[in-house]
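J.: Prediction below, plus the sequence it came from.
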Amino acid sequence: MFTGTIGHLVAAMIVFLLSHGLPARPNWRATGTRRLGEVGYVIAYSIMSLAVVVWLGFAYADAPYIEVWPYQPGLRWVTLVAMLASCILIVAGFATPNPFSLGPGGRGYDPARPGILRLTRHPVLWGLALWAGGHIPPNGDVASLILFGPLLILALAGPALMERKRRRTLGAAEWARLAAPTSRPATVRLSEVGIGRLAGGVALYLVLILLHPYVIGIDPLVF
(Lines give C-alpha, C1' and ligand atoms only; values in the text may rest on other atoms or scores of the structure.)
Protein backbone atom coordinates (compact mmCIF):
# COMPACT_ATOMS: atom_id res chain seq x y z
CA MET A 1 0.00 0.00 0.00
CA PHE A 2 2.79 2.41 0.92
CA THR A 3 5.41 1.18 -1.57
CA GLY A 4 5.65 -0.02 -5.14
CA THR A 5 5.64 3.20 -7.16
CA ILE A 6 7.91 6.17 -7.76
CA GLY A 7 5.23 8.35 -6.15
CA HIS A 8 5.48 6.37 -2.91
CA LEU A 9 9.26 6.78 -2.92
CA VAL A 10 8.93 10.53 -3.47
CA ALA A 11 6.42 10.74 -0.60
CA ALA A 12 8.74 8.79 1.70
CA MET A 13 11.67 11.04 0.82
CA ILE A 14 9.61 14.20 1.45
CA VAL A 15 8.53 12.90 4.87
CA PHE A 16 12.15 11.94 5.63
CA LEU A 17 13.42 15.41 4.78
CA LEU A 18 10.64 17.13 6.71
CA SER A 19 11.13 14.93 9.78
CA HIS A 20 14.87 15.62 9.83
CA GLY A 21 14.22 19.34 9.52
CA LEU A 22 11.96 19.45 12.57
CA PRO A 23 14.75 19.67 15.20
CA ALA A 24 16.00 22.84 13.49
CA ARG A 25 12.74 24.62 14.24
CA PRO A 26 13.22 26.85 17.31
CA ASN A 27 10.20 25.67 19.30
CA TRP A 28 10.02 22.03 18.20
CA ARG A 29 12.49 20.50 20.68
CA ALA A 30 11.41 22.86 23.48
CA THR A 31 7.76 21.87 23.07
CA GLY A 32 8.57 18.17 22.79
CA THR A 33 10.84 18.25 25.84
CA ARG A 34 8.27 20.15 27.88
CA ARG A 35 5.56 17.60 27.11
CA LEU A 36 7.59 14.38 27.11
CA GLY A 37 10.73 15.21 29.08
CA GLU A 38 14.24 15.10 27.60
CA VAL A 39 14.47 11.30 27.52
CA GLY A 40 10.91 10.91 26.29
CA TYR A 41 11.49 13.39 23.48
CA VAL A 42 14.67 11.62 22.33
CA ILE A 43 12.95 8.22 22.40
CA ALA A 44 9.85 9.47 20.55
CA TYR A 45 11.86 11.28 17.89
CA SER A 46 14.18 8.29 17.45
CA ILE A 47 11.24 5.93 16.93
CA MET A 48 9.67 8.30 14.43
CA SER A 49 12.95 8.70 12.55
CA LEU A 50 13.53 4.95 12.45
CA ALA A 51 10.02 4.34 11.13
CA VAL A 52 10.52 6.88 8.35
CA VAL A 53 13.91 5.38 7.42
CA VAL A 54 12.38 1.89 7.25
CA TRP A 55 9.55 3.20 5.05
CA LEU A 56 12.08 4.95 2.81
CA GLY A 57 14.12 1.76 2.51
CA PHE A 58 11.11 -0.37 1.54
CA ALA A 59 9.85 2.31 -0.85
CA TYR A 60 13.23 2.36 -2.61
CA ALA A 61 13.48 -1.43 -2.76
CA ASP A 62 9.96 -1.74 -4.22
CA ALA A 63 10.20 1.17 -6.67
CA PRO A 64 10.16 0.27 -10.39
CA TYR A 65 13.44 0.40 -12.29
CA ILE A 66 13.51 3.28 -14.77
CA GLU A 67 16.90 3.65 -16.42
CA VAL A 68 18.53 7.06 -16.76
CA TRP A 69 21.94 5.82 -17.86
CA PRO A 70 23.10 2.22 -18.49
CA TYR A 71 24.80 0.25 -15.76
CA GLN A 72 28.60 0.04 -16.01
CA PRO A 73 30.17 -2.62 -13.72
CA GLY A 74 33.40 -0.67 -13.36
CA LEU A 75 31.56 2.16 -11.65
CA ARG A 76 31.15 -0.03 -8.58
CA TRP A 77 34.74 0.86 -7.75
CA VAL A 78 33.58 4.44 -7.19
CA THR A 79 31.20 3.17 -4.53
CA LEU A 80 33.71 0.78 -2.94
CA VAL A 81 36.40 3.45 -2.59
CA ALA A 82 33.97 6.15 -1.46
CA MET A 83 32.43 3.85 1.15
CA LEU A 84 35.78 3.03 2.75
CA ALA A 85 36.46 6.72 3.29
CA SER A 86 32.84 7.22 4.35
CA CYS A 87 32.97 4.53 7.04
CA ILE A 88 36.23 5.85 8.48
CA LEU A 89 34.90 9.41 8.62
CA ILE A 90 31.60 8.37 10.20
CA VAL A 91 33.15 6.14 12.87
CA ALA A 92 35.91 8.63 13.69
CA GLY A 93 33.38 11.47 13.70
CA PHE A 94 30.98 9.77 16.11
CA ALA A 95 33.87 8.72 18.36
CA THR A 96 35.50 12.17 18.60
CA PRO A 97 34.29 15.03 20.84
CA ASN A 98 32.95 17.66 18.47
CA PRO A 99 31.39 21.00 19.47
CA PHE A 100 30.88 21.98 15.82
CA SER A 101 28.74 19.31 14.15
CA LEU A 102 27.08 15.90 14.38
CA GLY A 103 28.70 13.61 16.88
CA PRO A 104 28.93 12.98 20.63
CA GLY A 105 28.97 16.69 21.50
CA GLY A 106 31.73 18.95 22.73
CA ARG A 107 32.32 17.37 26.15
CA GLY A 108 35.98 16.38 26.33
CA TYR A 109 37.01 18.32 23.22
CA ASP A 110 40.61 19.55 23.40
CA PRO A 111 41.59 22.23 20.82
CA ALA A 112 45.19 21.06 21.13
CA ARG A 113 44.20 17.54 20.01
CA PRO A 114 41.17 17.80 17.71
CA GLY A 115 41.85 14.44 16.03
CA ILE A 116 39.82 13.89 12.86
CA LEU A 117 38.55 17.47 13.16
CA ARG A 118 41.93 18.60 11.83
CA LEU A 119 40.71 17.19 8.52
CA THR A 120 37.19 18.61 8.74
CA ARG A 121 34.91 19.88 11.49
CA HIS A 122 32.14 17.78 9.94
CA PRO A 123 33.47 14.24 9.42
CA VAL A 124 30.07 12.56 9.83
CA LEU A 125 28.37 14.84 7.31
CA TRP A 126 31.17 14.38 4.78
CA GLY A 127 31.02 10.63 5.40
CA LEU A 128 27.30 10.69 4.62
CA ALA A 129 27.97 12.80 1.52
CA LEU A 130 30.48 10.22 0.30
CA TRP A 131 28.00 7.44 1.02
CA ALA A 132 25.21 9.10 -0.96
CA GLY A 133 27.40 10.47 -3.76
CA GLY A 134 29.34 7.24 -4.11
CA HIS A 135 26.15 5.28 -4.77
CA ILE A 136 24.95 7.46 -7.63
CA PRO A 137 27.39 6.55 -10.49
CA PRO A 138 26.60 2.81 -10.66
CA ASN A 139 22.88 3.27 -9.95
CA GLY A 140 21.65 5.24 -12.93
CA ASP A 141 17.94 4.86 -12.37
CA VAL A 142 15.18 7.25 -11.28
CA ALA A 143 14.61 5.62 -7.88
CA SER A 144 18.30 5.82 -6.96
CA LEU A 145 18.48 9.47 -7.94
CA ILE A 146 15.39 10.21 -5.84
CA LEU A 147 16.99 8.44 -2.86
CA PHE A 148 20.64 9.42 -3.05
CA GLY A 149 20.34 12.85 -4.70
CA PRO A 150 18.49 14.64 -1.86
CA LEU A 151 20.61 12.86 0.75
CA LEU A 152 23.77 14.10 -0.98
CA ILE A 153 22.44 17.66 -1.14
CA LEU A 154 21.37 17.50 2.51
CA ALA A 155 24.81 16.27 3.61
CA LEU A 156 26.62 18.92 1.54
CA ALA A 157 24.40 21.71 2.91
CA GLY A 158 24.80 20.46 6.47
CA PRO A 159 28.23 21.94 7.31
CA ALA A 160 27.20 25.52 6.52
CA LEU A 161 23.93 25.15 8.45
CA MET A 162 25.69 23.56 11.42
CA GLU A 163 28.42 26.17 11.53
CA ARG A 164 25.96 29.05 11.48
CA LYS A 165 24.07 27.54 14.40
CA ARG A 166 27.19 26.63 16.42
CA ARG A 167 28.81 30.03 15.88
CA ARG A 168 25.70 31.68 17.24
CA THR A 169 25.64 29.35 20.26
CA LEU A 170 29.34 29.51 21.10
CA GLY A 171 29.97 33.16 20.28
CA ALA A 172 32.63 34.51 17.92
CA ALA A 173 35.53 34.49 20.39
CA GLU A 174 34.93 30.96 21.69
CA TRP A 175 34.33 29.67 18.16
CA ALA A 176 37.63 31.14 16.99
CA ARG A 177 39.50 29.56 19.93
CA LEU A 178 38.01 26.11 19.50
CA ALA A 179 38.06 26.05 15.69
CA ALA A 180 41.59 27.42 15.16
CA PRO A 181 43.34 24.02 14.73
CA THR A 182 40.50 22.37 12.77
CA SER A 183 39.91 21.87 9.04
CA ARG A 184 43.65 21.87 8.32
CA PRO A 185 44.20 18.62 6.35
CA ALA A 186 47.96 19.04 6.15
CA THR A 187 48.22 18.83 9.95
CA VAL A 188 46.22 15.60 10.46
CA ARG A 189 48.02 13.33 12.93
CA LEU A 190 47.35 9.62 12.95
CA SER A 191 48.11 9.42 16.66
CA GLU A 192 45.32 11.92 17.36
CA VAL A 193 42.78 10.29 15.10
CA GLY A 194 43.52 6.97 16.76
CA ILE A 195 44.20 3.52 15.33
CA GLY A 196 41.07 2.26 17.06
CA ARG A 197 38.83 4.72 15.19
CA LEU A 198 40.46 3.85 11.87
CA ALA A 199 40.11 0.14 12.59
CA GLY A 200 36.48 0.69 13.56
CA GLY A 201 35.84 2.40 10.23
CA VAL A 202 37.43 -0.46 8.30
CA ALA A 203 35.46 -2.99 10.37
CA LEU A 204 32.20 -1.18 9.60
CA TYR A 205 33.14 -1.18 5.91
CA LEU A 206 33.74 -4.94 5.90
CA VAL A 207 30.50 -5.62 7.78
CA LEU A 208 28.52 -3.54 5.28
CA ILE A 209 30.09 -5.41 2.36
CA LEU A 210 29.29 -8.77 3.95
CA LEU A 211 25.68 -7.82 4.76
CA HIS A 212 24.98 -6.00 1.48
CA PRO A 213 23.93 -9.11 -0.52
CA TYR A 214 21.49 -10.18 2.21
CA VAL A 215 20.03 -6.78 3.13
CA ILE A 216 20.13 -4.98 -0.24
CA GLY A 217 20.17 -8.01 -2.56
CA ILE A 218 23.29 -6.98 -4.48
CA ASP A 219 26.85 -8.19 -3.89
CA PRO A 220 29.12 -5.13 -4.27
CA LEU A 221 32.11 -7.40 -4.98
CA VAL A 222 30.52 -9.16 -7.96
CA PHE A 223 31.14 -7.17 -11.16
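T.: That came through fine.

J.: domains for this protein, by residue range?
T.: With domains defined by automatic domain parsing, the chain comprises 1-64, 68-223.

J.: The ones you listed: lowest mean pLDDT?
T.: Lowest mean pLDDT within the domains of the chain: domain 1-64, a mean of 84.

J.: Include mean neighbour count when you put the domains of the chain into CSV, please.
T.: C-beta here means a position set from N, CA and C on the backbone, and glycine is covered the same way. Formatted as CSV, the domains of the chain follow (neighbours: other C-beta atoms under 10 Å):
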stretch, mean neighbour count
domain 1-64, 14
domain 68-223, 17
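
J.: which residues touch the closest residue to W131 other than its chain neighbours?
T.: The shortest distance from W131 to any non-neighbouring residue, by C-beta to C-beta, 6 or more residues apart in numbering, is to S86 (4.4 Å). Listed by C-beta atoms under 8 Å, 6 or more residues apart in numbering, the contact set of S86 reads 127-128, 130-131, 134.

J.: Pipe the residues you listed into JSON lines and attach distance to F100 and secondary structure per row.
T.: Below are these laid out as JSON lines (distance: C-beta to C-beta, whole Å; DSSP: H, G, I helix; E, B strand; the rest coil):
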{"residue": "G127", "distance to F100": "15", "secondary structure": "helix"}
{"residue": "L128", "distance to F100": "16", "secondary structure": "helix"}
{"residue": "L130", "distance to F100": "19", "secondary structure": "helix"}
{"residue": "W131", "distance to F100": "20", "secondary structure": "helix"}
{"residue": "G134", "distance to F100": "24", "secondary structure": "helix"}
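
J.: Show the backbone phi and psi for the residue nearest to W131.
T.: phi -60, psi -50 (degrees, to the nearest 10).

J.: Tell me how far it lies from W175.
T.: 27 Å (C-beta to C-beta, to the nearest Å).

J.: same thing with S144?
T.: Taking C-beta to C-beta, one finds S144 at 38 Å from W175.
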